[in-house]
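# Using only what follows, build the 3D model:
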Amino acid sequence: MRVLFVGDIVGGPGREVVLARVPGLRQELSADYVVANAENAAAGMGITPNVCEALLGAADILTLGNHTFRHKEIEVYLSSSERVVRPANYHPAAPGRGWALTSREGQVPLAVLSLQGTVFMESMASPFTTFDSLIDELRSRTPAVIVDFHAEATAEKAALAYHADGRCSAVLGTHTHVQTADERILAGGTAFISDVGMTGPVDSIIGMDAGLVHRRFVLGLPTRFSVAAGAATLWGVLVDIDGATGSATAIQRIRID
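Next up is the predicted model:
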């Protein structure tokens, strides 16, 4: 089976390229499932119910991250959604769910687990112990399990991948919006990349208006960022998974300009 994972969708330009290109990419790449990180899909920060519904027309599952609850109206939506997941290591009382299961006729089901890092980010429950507490249940439902690890530090991402090696199909890093070139399959059969990249405006600084971000760094003054305008690029990865064992057999970076 093949899974296309689309990197962090940023604002309107990111949404537009996903809706325009992903249906065709699914066929072109023979992808059985499409997963996308969408935590910045609404005006560059957070997500809303309407944006979720639009993106679910192209993706089977949406994952979120540290901006999950930026928009208040998402709380009720997440409480009932089975296809949009926030990090599982949020407080247990937080609205929503930390993993989802999707299936297509003739294919092994796919489970997607969302976790958030703790280095240089908000205080959370340990992603390592959260993974340990959930992976056996997910593996009892399907051998194919992908982890979206929304984290800042590349070392923490790699450490989780090694921690999870042989127990899930892939650990795919998100959050930094910059695609890394370290994709590989670990000894136990788990695919890994530090960051799958961003789906958003090309002429930008991680999706935001470059002039505003530059002003913030040069002057050190509080600056409200906004999503950059212009053409968008789609970054992600394509992961091949053995449906019988859940081991990854290939991981390939994807960039569509």
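
# List the contacts of Thr190.
Contacts for Thr190 were tallied using Cβ atoms under 8 Å, 6 or more residues apart in numbering; they are 161, 164-171, 247-248. (C-beta placed from N, C-alpha, C; glycine too.)

# redo that, cut-off 6 Å
Residues in contact with Thr190, defined by Cβ atoms under 6 Å, 6 or more residues apart in numbering, are 164-165, 168.

# do Phe120 as well
With Cβ under 6 Å, 6+ apart, Phe120 has these contacts: Glu152.

# sec struct for it, please.
coil (DSSP: H, G, I helix; E, B strand; the rest coil).

# Which pLDDT value belongs to it?
Among the per-residue scores, Phe120 holds a pLDDT of 94.

# same check, this time on the one 5 residues further on
Note on Ala125: pLDDT of 97.

# Distance-wise, check it relative to Ala228.
Counting by Cβ to Cβ, to the nearest Å, the gap from Ala125 to Ala228 is 34 Å.

# Pick out whichever of the two has more residues nearby.
Legend: neighbour count by other Cβ atoms under 10 Å for Ala125 and Ala228, higher for Ala228 (24 against 17).

# mind pulling up the phi and psi values for the more buried one?
Backbone torsions of Ala228, given as degrees, to the nearest 10, read phi -70, psi 160.

# got it, and the one 10 residues further on?
Recorded main-chain torsions at Leu238 are phi -110, psi 120, according to degrees, to the nearest 10.

# Do I have it right that it meets Phe5?
No. Leu238 lies out of contact with Phe5 (Cβ atoms under 6 Å); the separation is 7.8 Å.

# now the contacts of Thr190 in CSV, with distance to Tyr33, pLDDT and secondary structure?
Output for these, formatted as CSV (distance: Cβ to Cβ, whole Å; pLDDT from 0 to 100; DSSP: H, G, I helix; E, B strand; the rest coil):
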residue, distance to Tyr33, pLDDT, secondary structure
Ala164, 19, 98, helix
Asp165, 22, 98, strand
Cys168, 15, 98, strand
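
# before we move on, the earlier item: and Leu238 and Phe5? Which one has more around it.
Each of Leu238 and Phe5 has its neighbours counted (other Cβ under 10 Å); Phe5 has more, 29 against 17.

# Not counting the strand or helix carrying that one itself, show me its contacts.
Following DSSP states H and E, one finds Phe5 within strand 2-6. Residues from elsewhere that reach strand 2-6 (Cβ under 6 Å, 6+ apart): 29-36, 172, 196, 199, 236-240.

# Write the ChimeraX selection for whichever of these are buried.
This is how ChimeraX selects the buried members of the contacts of strand 2-6, with burial counted by 16 or more other Cβ atoms under 10 Å:
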select :29,31,32,33,34,35,36,172,196,199,236,237,238,239,240
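
# State the pair within the contacts of strand 2-6 that is farthest apart.
Thr199 and Asp240 (21.0 Å; Cβ to Cβ).

# Mind checking what secondary structure the closest residue to Ala181 other than its chain neighbours has?
Leaving aside its chain neighbours, Ala181 sits nearest to Arg253 (7.4 Å; criterion: Cβ to Cβ, 6 or more residues apart in numbering). Taken by three-state DSSP, the conformation at Arg253 corresponds to strand.

# Could you check how far Arg253 is from Gln116?
23 Å.

# ok, now Ala244?
In terms of Cβ to Cβ, Ala244 sits 31 Å off from Gln116.

# Could you list the low-confidence segments of the stretch 51-200 of the chain?
Applying pLDDT under 70 to the stretch 51-200 of the chain picks out no residues at all.

# Let me see the ranges of the strands in it.
61-63, 84-85, 99-102, 110-116, 144-150, 170-174, 184-185, 191-193, 198-201 (DSSP state E, counting those that start in this stretch).
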